[in-house]
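>>> this one's structure only:
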């Protein structure tokens, strides 16, 4: 079973790398021809959200004990109440809500990626310790912040929600330089520690953030890096996936974890549509914004539930 788990994690790492490389090449191809059409960027972002939503839908199956029906009802009520409160807050306080989401996402993505590497190390018996803090800081901040403060960010934010264009005010240039310094420092630290695989990861994420338009960078990172790696980690805990690992059916294990979240995808898309219609939105212009708000709101309980999974990976 351990061999099947390691095979899946390493395969997902390779797939996520090739996905990011593809994102870089696609972006270079489009920009060499002039511009990357904004509608195509928005479409890719929607696809990324659809692909990524299932990865956070089965957290309760692996991070909380089997509750009785009354306790499970209370848990689900609390979960949905938290989501509802966050949705209302972001819709009322666009800029502050977005600022909180940016920080929250950077922390969540960074810890998740470092935990993913830790799971690989544990199974491959890698004797070289990873500098976890610098890796988590770089792996989480670079793909989130660089696309939001570079010279292409205004067009992307205008498409999502015009209120977000100046979300960080005059600090954008300083943040951009800080992120470049962080990327260089992280690469140096990984080289000194002889963690070449992590150096490759950080280099790819930095290149994508610098080359790809913001919505494209988000699409490839969220859908084909973060969600993919997190789903791989879920197979290490989800009982149905563990049974497949025991049978050495590696990719069936991944399918079990991914497909378990499909009902949540349908519910999320339906809820977003209803939420938007009740607020009088224009589908072609506003659906991406509302879907992002719902996903950000779902990330709050998602982070709380995965903290147990992350702590186990770091132990």
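All right, it came through fine. Just so you know, these numbers come straight off a predicted model, no measurement behind them.

>>> pull the helix or strand with minimum mean pLDDT from this protein.
helix 59-63 (a mean of 68; mean pLDDT, DSSP states H and E).

>>> after that helix comes which helix or strand?
helix 69-92 (DSSP states H and E).

>>> after that next one, which helix or strand is next?
Sequence-wise, the next helix or strand downstream of helix 69-92 (DSSP H and E) is helix 94-124.

>>> okay, how far is it across stretch 278-289, tip to tip?
15 Å (CA to CA, to the nearest Å).

>>> need the contact partners of it.
42, 45, 46, 91, 159, 160, 161, 272, 273, 276, 290 (CB atoms under 8 Å, 6 or more residues apart in numbering). C-beta here means a position set from N, CA and C on the backbone, and glycine is covered the same way.

>>> for the closest residue to residue 194 other than its chain neighbours, list the residues it contacts.
Using CB to CB, 6 or more residues apart in numbering and skipping the chain neighbours, the partner closest in space to residue 194 is residue 128 (5.5 Å). Counting by CB under 8 Å, 6+ apart, residue 128 makes contact with 193, 194, 195.

>>> switch to 10 Å and redo it
Applying CB atoms under 10 Å, 6 or more residues apart in numbering to residue 128 gives the contacts 121, 193, 194, 195, 196, 197, 198.

>>> which secondary structure element contains it?
Counting by DSSP H and E, residue 128 is found in no helix or strand.

>>> number of nearby residues for the residue found closest to residue 152 once you drop the neighbours it is linked to in the chain?
Nearest non-adjacent residue to residue 152, counting by CB to CB, 6+ apart: residue 213, 5.3 Å away. Neighbour count for residue 213, taken as other CB atoms under 10 Å: 24.

>>> what's the answer for the one 3 residues further on, then?
Under the neighbour criterion other CB under 10 Å, residue 216 is assigned a count of 26.

>>> swap in residue 165?
Burial measure for residue 165: 14 neighbouring residues, criterion other CB under 10 Å.

>>> picking that back up, what subset of the contacts of residue 128 is buried?
121, 193, 195, 197, 198 (16 or more other CB atoms under 10 Å).

>>> next step: those restricted to strands.
Residues of the buried ones among the contacts of residue 128 located in strands (DSSP state E): none.

>>> please flag which of these sit within helices.
Mapping those onto helices (DSSP state H) picks out 121, 197, 198.

>>> tell me the one among those nearest to residue 235.
Nearest to residue 235 out of these is residue 121 (CB to CB; 17.0 Å).

>>> correct me, but residue 137 touches residue 185?
Yes - using CB atoms under 10 Å, residue 137 is in contact with residue 185, at 9.3 Å.

>>> more neighbours: these two, which one.
Taking neighbours as other CB under 10 Å, residue 137 and residue 185 compare with residue 137 leading, 19 against 13.

>>> which residues does the more buried one contact?
Counting by CB under 10 Å, 6+ apart, residue 137 touches 106, 107, 110, 111, 114, 131, 182, 185, 186.

>>> lowest-confidence entry in these?
Checking pLDDT across those, the minimum falls on residue 131 at 88.

>>> what's the pLDDT at the residue of the chain positioned farthest from its centre?
Farthest-out residue of the chain from its mean C-alpha position, per CA atoms, centre = their mean: residue 70, at 32.0 Å. Confidence at residue 70, expressed as pLDDT, is 78.

>>> picking that back up, would you list the buried ones among the contacts of residue 128 in TSV and tack on pLDDT and distance to residue 16?
Converted to TSV, the buried ones among the contacts of residue 128 look like this (pLDDT from 0 to 100; distance: CB to CB, whole Å):
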residue	pLDDT	distance to residue 16
121	90	17
193	93	21
195	94	17
197	94	12
198	96	13
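
>>> ok, so of these, who is nearest residue 243?
For these, the residue nearest residue 243 by CB to CB is residue 121; the value is 24.6 Å.

>>> residue contacts, the nearest residue to that closest one once chain neighbours are set aside?
Computed as CB to CB, 6+ apart, the closest residue to residue 121 that is not its neighbour in sequence is residue 130, at 6.7 Å. Contact analysis of residue 130 by CB under 10 Å, 6+ apart lists 114, 117, 118, 120, 121, 136, 189, 190, 193, 195, 197, 198.
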